[in-house]
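Participant: Sequence and computational prediction follow.
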Amino acid sequence: MNKQEMIELLKTDVPAWNQWREDNPYAVIDLSETDFRYANLRCANFIRADLSRADFYKADLRGANFRDADFWPVHCYGADFRGAYFRGAYLRRADFWGANFYFADLFAPFSLTETK
């Protein structure tokens, strides 16, 4: 599936997208520079996705799985991430101003400061 087909499937049918991801676990997911403003992407599977420079302005991402996803840099102003899963996601320089992270899993499995 090419990038445009991935974007269209994700924007129109999240359950079908998730099924495709389950059937194709090793597919390279390049959603970089995609406009997801105001999109309803509840419970979408973004595992290991390249989301660099994507725009999630006020998108509904409740319960989405962003494990090991690349958010460098991503615009997420006002996005709803309630209950989303971010373990292992690269979040540096992402703009989360006004985003809702209620019950989101932001666990970082490593220290953010170097110790000796």
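Facilitator: Perfect, thanks for sending it. Numbering: from 1, shown residues only.

Participant: Count the residues that sit near residue 66.
Facilitator: As a burial measure, residue 66 scores 28 neighbours (other CB atoms under 10 Å). Every residue, glycine included, has its C-beta placed from N, CA and C.

Participant: What's the separation between it and residue 2?
Facilitator: Per CB to CB, to the nearest Å, residue 66 is found 22 Å from residue 2.

Participant: likewise residue 70?
Facilitator: Using CB to CB, residue 70 is found at 19 Å from residue 2.

Participant: out of the two, which sits in the more crowded spot?
Facilitator: residue 70 (24 against 7).

Participant: Give me the distance between that one and residue 30.
Facilitator: 10 Å.

Participant: between the two, what contacts are shared?
Facilitator: Shared contacts of residue 70 and residue 30, defined by CB atoms under 8 Å, 6 or more residues apart in numbering, comprise 49, 50.

Participant: Thought residue 45 was touching residue 18, still the case?
Facilitator: Yes - assessed by CB atoms under 8 Å, residue 18 is found in contact with residue 45 at 4.8 Å.

Participant: Which one's more surrounded, these two?
Facilitator: The residue with more neighbours, out of residue 18 and residue 45, is residue 45; 21 against 16, by other CB under 10 Å.

Participant: So the more buried one sits against residue 24, correct?
Facilitator: No - with contact defined as CB under 8 Å, residue 45 does not count as touching residue 24 (10.6 Å).
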